[in-house]
Structure formats: structure tokens, C-alpha cells
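In: Build the 3D model from these lines:
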Amino acid sequence: MTKPTLSVIIPMRDNVPQVWIEALSKVEGNVEFILVYPPEVPLLNNNDPRIRQIISALRGEVIQRITALLNALGTYVLSINCDEYLYPKIEEVVIEYFKRFPNSHVFKLRQKFYPYGNQEKLLEEWESFTNLENLQVRRGEDHHLKTTETLQEIPICPLENKVNLLCLIKDRKDHHGPHQENFDKKVWKNSLVQEQLNDIVKLFTLLGPLKYIPFWCSDRLLGLSMQAKLHTKGLATKGDIIGHILPFPEQFRTENNPPEFRYKTTNRRYVLAECLLVKLYPQYGYFWNLVLASIKNLVGIKLGKDKLAKLIPFSN
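Out: As a prediction, this is how the structure comes out:
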């Protein structure tokens, strides 16, 4: 079996339309797709040997996405969702990008959103993507150059920021800037991803057979831990560029969630996964500030802003 150029990993959910997997099969080239379903969700019909469908032992975005990543065989890996449609010539984009930037670790795809149920638009012909060799590179802060004709630099996150206890009472600000926190919608070098997964999976064991696997937030957990791995290995230091954001036209399309999903997506306890970052890399103040801010938001949701202000009267 030829090693895939790209592994596309996808956590599945209930009621994904058959037309979605049919569109997935239209992606060209040496690409594998790993679909991980929650228990008791039927598999979609599929005749494409590149599509591998796995049933997870547990339901949850974290365990499903990590299960898919552990099975990824490609040189590069991309994580998307089951309501997203991928540019059919994505393999050509991957090869061309890393040919021009062999020392990069990641690049981010451009995304276009469509209303829920608008299948006709989602399945429209794709506009050909520009030749990457001819694109100018711009700094993350430079907004004067057109995003349709330039590659935007992605610097590593400022991991070495000092711990700021004021994140418990004020809005966190150190996440602002051109750096990127998340893992999804980006193509990563899979060799480094597999190294990092080994460290993350070990965190799930509490004591003997007792496990702790958070339900949500693999996106930020993986994205930030990958950058911490780059930093600790000396592959990227403060201010270094680790990759680029591609310009438009889009390389994937996203269908907005149905109305019944809105509550589910706005009431997730992300801190339950983010605390693993502190456990894995306690030396980085950036992670402490992230967790402190999430705790503040969680307390604020439960108590309401007025009660929280009474508990912390010096928060003005």
C-alpha cells in the first residue's frame, strides 16, 4: 500500500447526509479519510477504498478525533468536521506548499460558510486555486496587502508570557495577535503530530484503570500542545514563523449547524481539556492564563455577572 500524502481525519455525528460522503469521494489523489463515529451511529454507505470508517468506544469529540489521528498514515494530516466540504485538488495544494516551504510545520486553509441546508451552494464547482509559487508573503499584522494574492505568516504563540492572575477577573488579552491557537482546518506534518499524541494520551490515565478523557476541545488542546512541542524541541522560538494562512478562493466549505445544535456548541466546558495543557507544559504562562480565563468564564456562566462582581469587588 502506498503511503498517503494526506490523511484527513473527521469525527462523525448523527444524521450526516449521504451526499456529504459522496462529495468526499470526489477529492482527488493519494488522500486517505478516517471517519470515527460515536457508538450506535450507523455508518454511511461508501465504496471508496480510501475512506476508513471506525466506531469509537466512547462518544466525544476529543476521543473521536484522537482515535482518528492515531490511525493516520499520511505524511501530512488535516482535521475537519462532518459538515465541511474539501477542495478536490487539496493534495496538489499540500505538495506545492511544502515544496516552497519545506521548513514550515503547518498551513491553514481558507474557509467559506454557507447557511444550514444550502446543499446546492455547497456542491457548486470549485474555483481553481492560485499557484503558490507566485504568491507574495505578508506579515500577520500587515493588512494592506490583499488576502486573495498573499500568504499570511503564522508566528508561534507567545508561550512564555508570564502568568497573569488578573485573568481570573478581567478579559484575557494575550491570545490577541496573528498567532493561531487551534489545530483544525490546518495541514500539519504528521510525524510531529504522532509524537505529541503519545504525550497527550498518557495524560488520560489517572491511576491504573482509571481514565480521564474530556468530551470537548481537542481543537485548542492539540493546536497549542503542538506549538509547545515545537518550542520545547527547539524547532520554533519566540517570534518564529511556523507556517502560513492560504489566500482565497476557499479550500473548504462549511455548512452552519442546524438550530438545535446552537445550545450544544455554546455551553461546552472547554477548561476540562485545557487543564491538560498545564499538566503537560506547566512552564508556559500562556497556558495558565488560558485556564484562568476559562475558569472565570465558567464561574460567570453559573453565577451571572452581578453575583460574580459581588464575589470579586475589585474587578473594575
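
In: per-residue confidence at the residue most central in space within the chain?
Out: The centre of the chain sits closest to residue 184, judged by C-alpha atoms, centre = their mean, with a distance of 1.9 Å. Looking at residue 184, its pLDDT is 97.

In: Checking it next. Helix, strand or coil?
Out: coil (DSSP: H, G, I helix; E, B strand; the rest coil).

In: residues contacting it?
Out: By C-beta atoms under 8 Å, 6 or more residues apart in numbering, the contact list for residue 184 reads 79-81, 219, 223. From N, CA and C alone the C-beta is placed, and that goes for glycine too.

In: what's the closest of those residues to residue 23?
Out: residue 80 (12.1 Å; C-beta to C-beta).

In: just to revisit the earlier point, which of the contacts of residue 184 lies closest to residue 159?
Out: residue 223 (12.1 Å).

In: I'd guessed that closest one sits against residue 185; true?
Out: No. With contact defined as C-beta atoms under 8 Å, residue 223 does not reach residue 185; the gap is 10.0 Å.

In: avg pLDDT for the helix or strand where residue 197 lies?
Out: Under the criterion of DSSP states H and E, residue 197 resides in helix 190-203. Across helix 190-203, pLDDT averages out at 96.

In: list the helices and strands the helix or strand following it packs on?
Out: Following helix 190-203 in sequence order, the next helix or strand is strand 205-207 (DSSP H and E). Here strand 205-207 touches no other helix or strand, going by 3 or more C-beta pairs under 8 Å, 6 or more residues apart in numbering; DSSP states H and E.

In: Starting from strand 205-207, tell me which strands it pairs with and how they run.
Out: strand 210-211 (antiparallel) (DSSP bridges).

In: which residues are contacting the strand it pairs with?
Out: Defining contact as C-beta under 8 Å, 6+ apart, one finds that strand 210-211 is touched by 204-205.

In: for the chain, what spans make up the strands?
Out: 6-11, 31-37, 51-55, 76-79, 84-86, 106-108, 111-114, 136-138, 150-155, 186-189, 205-207, 210-211, 241-245, 252-255 (DSSP state E).

In: how many other residues sit next to residue 33?
Out: Around residue 33 sit 24 other residues, with neighbours defined as other C-beta atoms under 10 Å.

In: show me what contacts it?
Out: Residues counted as contacts of residue 33 (C-beta under 8 Å, 6+ apart) are 7-10, 24, 27, 48, 50-52.

In: can you check residue 224 too?
Out: 157, 181, 277, 286-287, 290.

In: rewinding a little: packing partners for the helix holding residue 197?
Out: helix 61-70, strand 76-79, helix 218-232, helix 271-280.

In: Adding mean pLDDT and distance to residue 254, write those out as JSON lines.
Out: Formatted as JSON lines, those follow (pLDDT from 0 to 100; distance: least, C-beta to C-beta, whole Å):
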{"stretch": "helix 61-70", "mean pLDDT": "97", "distance to residue 254": "16"}
{"stretch": "strand 76-79", "mean pLDDT": "98", "distance to residue 254": "13"}
{"stretch": "helix 218-232", "mean pLDDT": "97", "distance to residue 254": "14"}
{"stretch": "helix 271-280", "mean pLDDT": "93", "distance to residue 254": "22"}
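
In: Now those in a markdown table, please, with extra columns for distance to residue 2.
Out: Listed next are these as a markdown table, based on distance: least, C-beta to C-beta, whole Å:
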| stretch | distance to residue 2 |
| --- | --- |
| helix 61-70 | 20 |
| strand 76-79 | 15 |
| helix 218-232 | 26 |
| helix 271-280 | 34 |
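
In: most tightly surrounded among those?
Out: Mean neighbour count, computed with mean count of other C-beta atoms under 10 Å, is highest for strand 76-79 among the helices and strands packed on helix 190-203, reaching a mean of 26.

In: Any idea how far that strand is from the middle of the chain?
Out: Mean C-alpha position of strand 76-79 versus that of the full chain (C-alpha atoms, centre = their mean, to the nearest Å) differs by 10 Å.
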